[in-house]
Every structure is written in structure tokens, then in C-alpha cells.
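Visitor: return a 3D structure for these sequence lines:
(2 chains)
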2 protein chains.
Amino acid sequence: MAELTSEDFMNAALAEARAAAVIGEVPIGAVVVKNGRIIGRGHNLREHAQDSTLHAEILAIQEACMTLGSWRLEDCDLYVTLEPCPMCVGAMINARVRRCFFGAMDPKAGAAGSLVDLLSDTRFNHQVQVVGGLKARECGAMLADFFRAIREKRKAAKRTGQSLNKQV
Amino acid sequence: MAELTSEDFMNAALAEARAAAVIGEVPIGAVVVKNGRIIGRGHNLREHAQDSTLHAEILAIQEACMTLGSWRLEDCDLYVTLEPCPMCVGAMINARVRRCFFGAMDPKAGAAGSLVDLLSDTRFNHQVQVVGGLKARECGAMLADFFRAIREKRKAAKRTGQSLNKQV
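Guide: Alright, predicted model coming up:
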């Protein structure tokens, strides 16, 4: 069996992101990989669970910890479709993740280079190597499509509302 | 009934920290408060669960979200015995917590002023007011006592080991 590549793992993260989109969540997905094997998966579940901590990365890290029976994810890599926020970056530092591969940049909340760069900050007790921009176009397009669809639904609802108003 | 004060809520966080110490976890505790009522509690469970995300603050935020049935913890205050790390600070930004009261400073991982100050960073979409040093002496003493006891246990084990070695 051919060894899986970084692109394959990002595709797995994209599949998680699609699983989020299907249920109306902002499509962000993540996987944790050790020795060429996926040991944790997650997708954004904030709205369904009404829990602000349930980002894709947190869920993937929690599953990986469960798989290994250890809170230390040394020699593990995390793949996520969007640049992680401070919470998820902090979770990677705490778990001692080796490398973080992300897809699209997040200029509004990104903590792996966009707004701050916590993963490389040597004042913390662990640093995580960062590889940004992996399948960035596909990751970004999935988010853009999701938000475009929401805007169109809202516009349609508004039009329906206006025509209803005219009838009143 | 007299209204509860910030000190009362930090005492509740300290009670959570003690619950962590009893089971051998680093004693850090947190509570989330809304309208003068505790709606979420948590203490560090990293070792027991072997899950690096299970800091006191994350557990308190998750319980508060469940209590309110909402991921938005607007008008909520979080009390924690130790200055929060980047993960927990990020969780507070994501949950839109109003204020963070913490006890002892954490010069090694603190992200509310010690190493970085993310809660006041206006580039993020939400800022959290910070009040540091609330019952700092008591919060710090609980941690110091915990680590002193661990060192003493280790020394005792080493002494026992040495005398055993002599017998061999």
C-alpha cells in the first residue's frame, strides 16, 4: 500500500469539513496523524452542540488523546482546513503536537501567522512547526461556497418576505 | 440573601482547585458566573482523562454553555485560580466572555498578560476585561504546596530506593 501524503491527510480534513457543511456548520475539518495513520478526526460542531469550544481541532485532538491513551501527542501532526484560532493553537502547544498543516489563511482570527504566531513563540514550553497554504484554494473555496449559499438563502428569504408584505 | 462578591466566586474556583489536588491533578479551578450565579464549574482533569484539552476553564465554559443552551457566554465572567494559557484565553474570546478574574500569575504560560496579552488584543473580534491577582496569595500557595508535596514524595522514594540499593 502506497504511503499516504500530506495532501491525502488534508483531503481527510476536507472530508470532515464537508461533514460539517452538510449539517449547516461552518465547514472546518481536522485530523491528527501519527506514523502515517489518522488517530483523530473532528469537524466544527459549535452550533449543533451550542458549545464554543467544539472546534474541529479540539475534537480531533481529544479523539487522538483517546486513541493513544495519552495527553501527549508527541510525533503527531495536525491537519486543518483553516488557520487555527488562539484556542486551537493553544491546544496544540499543550498537546505537544509536532507539526500543524493548515489550508486557508484566516486574517480575522488566525493565530498561526495571520494575527499572532503563537506556535513559533519560543517563550512557550513547546513549539509546533507550521506549514500553511496546503490545498489552500480548495479549503478556502469550501468556506466561500458555504457563506455564498447562506447569503443567497437570506436574500431569497428577504424577497419572499417583501412579496408577502406586498400582499398584506 | 447577601449578594455574592468576586472573592466568593474565587473561593468557589479555589474549591474546584482543591478537588483537583485531592485526585493528584495540578490544583487549578474555574467557575463561570452570570447574574451573580455560578453556571459552570471545572477543575483540571488532564492526567485522569489523559486529555490535554481538559483544563479547568474549558470544562467550566462547556458546563456554562450547557446551562445556558448557548455557545455565547455574553455577560458572563470567568474566575480561575491561575492565569489562563493561550488555549483557555482563546476559548474565552470564542465564547465572548465579558470578564476574566484570575488569581496567581503564570510566568511560564500565561496569556492574559505574562507572556502575551490576547484578551485585550483589539485585532480579535472580542475583548475580555482582565482582573488579575484576585486572592493571588491563596491561589499561588495552593499550587506551591502541591508541587512541594510532590518533590517531598520523590525525595522519599529516592531515599527508599537508595537504602534498598544498599541492601542489594
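Visitor: remind me, longest helix of chain A?
Guide: Taking DSSP state H as the criterion, chain A has its longest helix at helix A:136-167.
Visitor: for it, name the packing helices and strands.
Guide: helix A:6-22, strand A:76-82, strand A:99-104 (3 or more CB pairs under 8 Å, 6 or more residues apart in numbering or on different chains; DSSP states H and E). Yep, even glycine has a C-beta here, placed from its N, CA and C like the rest.
Visitor: contacts for the longest one?
Guide: Contacts made with helix A:6-22 from outside it, assessed by CB atoms under 8 Å, 6 or more residues apart in numbering or on different chains, are listed as A:26-31, A:33, A:38, A:41-45, A:56, A:60, A:77, A:79-81, A:101, A:103, A:131, A:134-135, A:138-139, A:142, A:146.
Visitor: quick one: buried residues of it?
Guide: Residues of helix A:6-22 classed as buried: A:Phe9, A:Met10, A:Asn11, A:Ala12, A:Ala13, A:Leu14, A:Glu16, A:Ala17, A:Ala19, A:Ala20, A:Ala21 (neighbour count, 16 or more other CB atoms under 10 Å in any protein chain shown).
Visitor: ok, back up a step: now the helices and strands packed on helix A:136-167 in JSON lines, with distance to B:Ser120 and mean pLDDT?
Guide: Formatted as JSON lines, the helices and strands packed on helix A:136-167 follow (distance: least, CB to CB, whole Å; pLDDT from 0 to 100):
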{"stretch": "helix A:6-22", "distance to B:Ser120": "31", "mean pLDDT": "98"}
{"stretch": "strand A:76-82", "distance to B:Ser120": "24", "mean pLDDT": "98"}
{"stretch": "strand A:99-104", "distance to B:Ser120": "25", "mean pLDDT": "98"}
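Visitor: quick check: which of those is nearest to A:Val89?
Guide: A:Val89 sits nearest to strand A:99-104 of all the helices and strands packed on helix A:136-167, at 7.9 Å, using CB to CB.
Visitor: how far is the helix or strand just after the closest one from where the chain is centred?
Guide: Note on strand A:99-104: by DSSP states H and E, the next helix or strand toward the C-terminus is strand A:129-131. Relative to its chain's centre, strand A:129-131 lies at 15 Å (CA atoms, centre = their mean, to the nearest Å).
Visitor: for stretch A:85-101, same thing?
Guide: Its chain's C-alpha centre and that of stretch A:85-101 lie 12 Å apart, by CA atoms, centre = their mean.
Visitor: list the buried residues for that stretch?
Guide: Quick answer for stretch A:85-101 (16+ other CB under 10 Å): A:85-101.
Visitor: from B:Ala91, how far off is the closest residue to A:Lys108 other than its chain neighbours?
Guide: Leaving aside its chain neighbours, A:Lys108 sits nearest to B:Asn125 (6.6 Å; criterion: CB to CB, 6 or more residues apart in numbering or on different chains). Distance of B:Asn125 to B:Ala91, given as CB to CB, to the nearest Å: 14 Å.
Visitor: out of the buried residues of stretch A:85-101, who's near chain B?
Guide: Contacts with chain B within the buried residues of stretch A:85-101, as defined by CB under 8 Å from any CB of the partner chain: A:Cys85, A:Pro86, A:Met87, A:Cys88, A:Val89, A:Gly90, A:Ala91, A:Ile93, A:Asn94, A:Ala95, A:Arg96.
Visitor: what about the residue lying closest to the third one once chain neighbours are set aside, which helix or strand?
Guide: Which is A:Met87. Of all residues not flanking A:Met87 in the chain, B:Gly90 sits nearest, at 2.9 Å (CB to CB, 6+ apart). If you go by DSSP H and E, B:Gly90 is part of helix B:86-95.
Visitor: now the angle between strand B:99-104 and that helix, please.
Guide: Helix B:86-95 runs at 160 degrees relative to strand B:99-104, counting by axes from the mean of the first three to the mean of the last three CA atoms, to 10 degrees.
Visitor: elements contacting helix B:86-95?
Guide: Contacts defined by 3+ CB pairs under 8 Å, 6+ apart place helix B:86-95 against helix A:86-95, helix B:56-68, strand B:76-82.
Visitor: so who does A:Val128 touch?
Guide: Counting by CB under 8 Å, 6+ apart, A:Val128 has contacts A:Val89, A:Met92, A:Ile93, A:Val97, A:Arg98, A:Arg99, A:Cys100, A:Leu119, A:Ser120.
Visitor: could you redo the last one with a cut-off of 10 Å?
Guide: A:Val128 makes contacts with A:77-78, A:84, A:89, A:92-93, A:95-100, A:112, A:118-121, as judged by CB atoms under 10 Å, 6 or more residues apart in numbering or on different chains.
Visitor: and A:Gln30, that one's in a helix?
Guide: One thing to correct before we go on: residue A:30 is Ala, not Gln. No. Going by DSSP: H, G, I helix; E, B strand; the rest coil, the assignment for A:Ala30 is strand, not a helix.
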